[in-house]
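Participant: Here's a sequence, model it:
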Amino acid sequence: MSDLTKYIQKYRQRINLRFALQAIIKALISFLLALHIYFLLWLNMPSQSMALFYANIGIRTCLILVIIYFLLSGYRNFWHNLAVARFLDKQIDFKDDLFQNTLELAEKEKDSPIVENLGTMAKKRIEENRYKIPALYPSWVVFAILFLILGLGTIWAYSYEDFRLAFKQFYTNQGQEVIYKNFIELSPGNLTIGRNEAVEIKILNPDPRLKHRLFYRIDKQWRELGLADNRYIFQRLDNSIEYYAENEVCKSPVFKIQVLDEPIVKKWFVQYNPPAYSGLPTWTDTLSYGNIEGLKHSRVKLSLTTNIPVESAVMVFDDASRLPLQAIDKNNYITQLAIEKPCSWYLELTDALGRKSKPEEKHIRILEDNPPEINITFPGQDVNLNQNMLLPLIIEADDDYGLKNCTLSIQIMTSEPQVVNVQSVIPGKMFVTDFLLDLKDANLFPGDVVTYWATIYDNSPEQQKAESTRFKARFPSIEEIYREIEAREQEKKTELETALQKSKDLQKEFENKRRELLKQDNPKWEDKKQLEKILQEQENLSEQVQNIADNYQELINKMQANETLSPETLQKMQKIQELMQEINNEDLQKAMEKFSNTLQNIKPEDLKKAMENFKFSMEDFSKKIEQTLALLESIKKEQAIQKALQISEEMEKMQKTLSERTMDEKQNYKDLASDQKQISDTYDKLQQELDKIDKMLESPRDNQVINQLKDLKQDMQNSNLKQDLQNSQNALSQNQRSQSLSAQNQALEKIRRFSLKLNQMKESMGGGNQQRTMQAIQTAIRELLIFSKQHEATASRYRNDPYVIVQDLIAQSEGIQISLNKMFRETQVLMIIPPKFFIDVNETNSAYRNIFSYINESQFYQIPNALNSVQKGINLMVYDLMQALQNASSGAGSGGGGMQSLLQMLEQMSQEQMAMNILTEQLFLQMQAQGGKMDSAMQQQIQRLAEDQERLAENLKRALQNNPEAQKQGNVLKQITEEMDAITRQLKNNQLNPDILERQERIISKMLDAQRSINKREFTEKRKAETGEDMLYKGNTKIDLEALRRSGLLEEGLRAYPKEYQQVIMQYLKELNEAINK
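Facilitator: Predicted coordinates:
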């Protein structure tokens, strides 16, 4: 039994040990959990916190209680022997509870054999069987406990220092002295980076017990950044920042991250030094952005300023060559280079970070130095040479920068070109010059063609060359020139005849309408429209005749340039042109204007007067066309003889040139024979022209010329000139030059004789015309003097009854017209009569018409003045004819001297008139300032102005009466004198108003127009200079010079005058100043 007890006791100890271990494990787990709870509180609470202190006490107390509880619970769970026996019976269930029954019986009957036997059986059973003690914990509980312990150990190991300090404080429940890190380390500190790069800011070795905060700023305001694991990353930093970190203990220094832009050029400076030939100054371009454009060979200074400091700047060209720029400082670089060829390049900038700028393509371009341009602007086309063999040229050239070496190349037919230097040194970039191409020594034959062109170079090192268009100048024969001139002359004549016929038809239509309207009191609307149509047709005819006159002037210029007509014939043609101009004169324009105004406001009486005036204007228009046509016809004979003479002279020149060329062995004999054939053909044309002249001459008017022509034709027939020319041609064809020269000399002598006789014919024709013209004028003078005497007697008989003298007036008027018509039958008269004669004739006729009108309207009180006007007109007509005879006899009347003196007089008068205009305007402004009133000083000054104006009018009238050149401007000058007389009358009455100022402006305008007209008339190169006539011109002695000078200089309105007016004013003021200084 005791052995059994021992076995059970043994099992009991083992099972109770299990319960004790469970209690210990529970106590240990409770301790670990309590310690971890405290650790967590310590991590989240200050170590010196009282709350942590009380939490420590509470955790300890609870832990002790829990441990006691677990220990007591384990003790209470200990098993006694009976419980162990029961456990063993149940573990191997024999269905007899042997161990439990044995122990219970042994307690009751300790020494009983049954108990012994049962004890032996139990011992045997316990020895034979293996009983297992229950496990301490199930496996999952063991795993959970191990996991818990391992987890807590890992956490504590991870924060070992904190755990160590927390455990110590848990053990002692006393806060230890806390020592924190007293500085903060930041990475990367001060840094320079490129824009938009990523930057990480990190706190190095932070004190885990402290809370760190990171701050930054871009401007002045600090901003906080959220840290993750004590770091912050800027993904793209595009601005410079300052930053620092701080915690509860300390603060880091402020660091700066400098953000740099990509290196670029902020400013470009390109200084160009153009090549010397260009003449351009040095200049700077700041807007090119590195693109260089300049002339070839230019020196360029390139400087630049970068946005950030850079370490180097290099120009990289498209051929991989590199040109480093010299550093002035970290931001400014400079270099020099020459422009020699176009290329592309880019600038490579390298900054302190080693970054390189992005390649941006730039270009070096060469500004094109265009080749020069040259043109022959005049004549600018293929032309025919004149007989003087002179071809005026206008050469214009230009270049970008400069010109030099202008030459003219001349090629005659197929010969080698000859070069003539025009100008070597040419200042400036534009070149305009007149060049007279003289081909007199070229020995041209009619039909030869001269090709000419201009060449010029620019002043660049490349010496670019330019050539003008090649023009041709053909040397025509006299016969060709005359054929063209005659065709154009016939064209003008036909146009005039057409205009004359239209004018006559229009006169008939107008006269019928006029007679019809005289029977009506109130014209109808249809009548007005018909009159307007007639007026419009007359205006068209006037314009047509004016165009014919302008074109005829071109024909005269062409004749004069070709020397096809004699100076006398040219003068006559110029007179014809003046007559054409006078057809559409100002009187006709006034009549048409007055008639047009009358048609706008129809009044029967005014309309009748206007129609009558318009009728006489139309008759005068047709009459002048008839006179012009007659004059054109009258000079045809002179032109024909002149043409024949020039053909003969051309033959003489050609034959002489041929003789000289025949002696030159270098000349081709076939070409010489061809030229001789051309001379022979010209001789045939001369004979044809003489036949035409023979048909044109009239007998007995031209008997002397007819006899001379017969003698010439007989001489030509007897001379056998044609045979000599043929012999010379045959000899040249066989290259027999000596025989040809003999025949040529004989032919030349005969041609000279023919030219001499033709010249005598021309002189005879001109002399005969001159004699007949003088006789016609003398006859007209005698008859007009008779009419003047008769009119004087008739006027003296007038006593308020015009019907007593009306028959005599009609007879005298018609007699004057008959005398004039008889004089004008000699058409050459028109060449001598001055223009003023026609003005006086018109005024005389107008005075007669006024007398008859006054008689018809019973305005007898105006008849005496009209009679005086008739007397004055007849006397002036006689004076004009006598002056024409005197001028014709002395050869005066068309010289340049009279024209020059007239120009000087008009210029001086214009200056003085302008000064008076200024003074008048000043007085008018002064009068307005005084309320329209005049003081005595102003009235005296106005009277002096009236005297000066009257003196100018008298001087102009005297010039109009005595100067033939002034008479050619008769209408304009007459209007000026009328304006001056009107101003004089107003000023003498102390009248000063805007009408006077307007009249003075018209006077100045007409004076300048007259000067321009006179200058325009100086067309001929052959004008003979003569000593100018002394003009009786009284200078102004009463004008206040000082007042004029002050008013002129202070006159702001001077700027409003036209330029030519200003020049006149300034010239006159200059003369005033000089007079005052003297």
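Participant: Who are the packing partners of the helix or strand containing Gln913?
Facilitator: If you go by DSSP states H and E, Gln913 is part of helix 896-929. With contacts defined as 3 or more CB pairs under 8 Å, 6 or more residues apart in numbering; DSSP states H and E, helix 896-929 has these neighbours: helix 936-962, helix 964-967, helix 994-1017, helix 1041-1050, helix 1059-1077. Where you see a C-beta, it was placed from the backbone N, CA and C, and this is true even at glycine.
Participant: Specify the angle between it and helix 994-1017 in degrees.
Facilitator: Here the directions of helix 896-929 and helix 994-1017 differ by 160 degrees (axes from the mean of the first three to the mean of the last three CA atoms, to 10 degrees).
Participant: which stretch in the helices and strands packed on helix 896-929 has the least confidence?
Facilitator: Averaging pLDDT over each of the helices and strands packed on helix 896-929 singles out helix 1041-1050 as the lowest, with a mean of 41.
Participant: And for Ile751, the neighbour number?
Facilitator: Summarising burial for Ile751: neighbours were counted as other CB atoms under 10 Å, giving 28.
Participant: for Glu912, same thing?
Facilitator: Each residue near Glu912 was counted by other CB under 10 Å, and the total is 22.
Participant: Hmm, it is touching Arg951, no?
Facilitator: No: taking contact to mean CB atoms under 8 Å, the distance of 9.4 Å between Glu912 and Arg951 leaves them out of contact.
Participant: Let me know whether Glu650 touches Pro446 as I believe.
Facilitator: Yes: taking contact to mean CB under 8 Å, the distance of 7.2 Å between Glu650 and Pro446 places them in contact.
Participant: and the helix or strand in which Met774 is found, what other elements does it pack with?
Facilitator: According to DSSP H and E, Met774 maps onto helix 737-796. Using 3+ CB pairs under 8 Å, 6+ apart as the contact definition, the elements that helix 737-796 packs against are helix 636-662, helix 669-696, helix 703-719, helix 721-733, helix 806-824, helix 863-890.
Participant: And the fourth one, what's buried?
Facilitator: Counting neighbours by 16 or more other CB atoms under 10 Å, one finds that the buried residues in helix 721-733 are Leu721, Asp724, Leu725, Gln726, Asn727, Ser728, Gln729, Ala731, Leu732, Ser733.
Participant: Give me the distance from that helix to the chain's centre.
Facilitator: For helix 721-733, the distance between its averaged C-alpha position and the chain's averaged C-alpha position is 66 Å (CA atoms, centre = their mean, to the nearest Å).
Participant: Pull the residues that contact that helix.
Facilitator: Residues external to helix 721-733 that are found in contact with it (CB atoms under 8 Å, 6 or more residues apart in numbering): 662, 669-670, 672-673, 676-677, 679-680, 683, 737, 739-740, 743-744, 746-747, 750-751, 754.
Participant: Can you flag the buried ones in those?
Facilitator: With neighbours counted by 16+ other CB under 10 Å, the contacts of helix 721-733 contain buried members at 662, 669, 672-673, 676-677, 679-680, 683, 737, 740, 743-744, 746-747, 750-751, 754.
Participant: what's the closest non-adjacent residue to Ser187?
Facilitator: The shortest distance from Ser187 to any non-neighbouring residue, by CB to CB, 6 or more residues apart in numbering, is to Lys202 (4.6 Å).
Participant: OK, contacts around the one you found?
Facilitator: For Lys202, the set of contacting residues under the criterion of CB under 8 Å, 6+ apart consists of Leu186, Ser187, Asn230, Arg231, Tyr232.
Participant: want to try TSV for the residues you listed, with distance to Gln770 and secondary structure as columns?
Facilitator: Formatted as TSV, the entries for the contacts of Lys202 read as follows, by distance: CB to CB, whole Å; DSSP: H, G, I helix; E, B strand; the rest coil:
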residue	distance to Gln770	secondary structure
Leu186	126	strand
Ser187	126	strand
Asn230	132	coil
Arg231	127	strand
Tyr232	123	strand
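Participant: The helix or strand where Ile15 lies - contacts with which helices or strands?
Facilitator: Ile15 is part of helix 2-44 when elements are defined by DSSP H and E. Contact analysis of helix 2-44 by 3+ CB pairs under 8 Å, 6+ apart lists helix 50-76, helix 81-91, helix 98-108, helix 113-128, helix 139-158, helix 160-172 as its packing neighbours.
Participant: Of all those, which one is nearest Thr377?
Facilitator: Thr377 lies closest, by CB to CB, to one member of the helices and strands packed on helix 2-44: helix 139-158, at 105.1 Å.
Participant: Output the contacting helices and strands for that closest one.
Facilitator: Using 3+ CB pairs under 8 Å, 6+ apart as the contact criterion, the neighbours of helix 139-158 among helices and strands are helix 2-44, helix 160-172.
Participant: The helix holding Ile15 vs helix 50-76, what angle?
Facilitator: Angle, helix 2-44 to helix 50-76, by the same axes, to 10 degrees: 170 degrees.
Participant: where's Gln336, which helix or strand?
Facilitator: Using DSSP H and E, Gln336 falls within strand 332-338.
Participant: From Gln642, how far off is Lys572?
Facilitator: Plainly put, Lys572 is 11 Å away from Gln642 if you go by CB to CB, to the nearest Å.
Participant: And Pro208, by the same measure?
Facilitator: Remark: distance between Pro208 and Gln642 (CB to CB) = 133 Å.
Participant: Between the two, tell me which one has more neighbours.
Facilitator: Set Pro208 next to Gln642 and count neighbours by other CB under 10 Å: Gln642 wins out with 25 against 13.
Participant: dump the residue contacts of Thr377.
Facilitator: Residues in contact with Thr377, defined by CB under 8 Å, 6+ apart, are Ile394, Ile395, Glu396.
Participant: ok, so of those residues, who is nearest Ser357?
Facilitator: Among these, Glu396 lies closest to Ser357 (CB to CB), at 51.3 Å.
Participant: Run through the bridge partners of the closest one.
Facilitator: Here Glu396 sits in beta bridges with Asn375, Val432, going by DSSP bridges.
Participant: what about Phe621, which helix or strand?
Facilitator: Using DSSP H and E, Phe621 falls in helix 604-634.
Participant: swap in Pro208?
Facilitator: Secondary structure from DSSP H and E places Pro208 outside every helix and strand.
Participant: before we move on, the earlier item: elements contacting the helix holding Phe621?
Facilitator: When contacts are defined as 3+ CB pairs under 8 Å, 6+ apart, helix 604-634 sits against helix 478-518, helix 525-562, helix 567-583, helix 586-600, helix 835-856.
Participant: and of those helices, who's closest to Ile366?
Facilitator: helix 525-562 (48.4 Å).
Participant: what's around the closest residue to Glu792 other than its chain neighbours, how many residues?
Facilitator: The spatial neighbour of Glu792 that comes closest, neighbours along the chain excluded (CB to CB, 6+ apart), is Gln871 at 6.3 Å. The number of residues packed near Gln871 is 17, by other CB under 10 Å.
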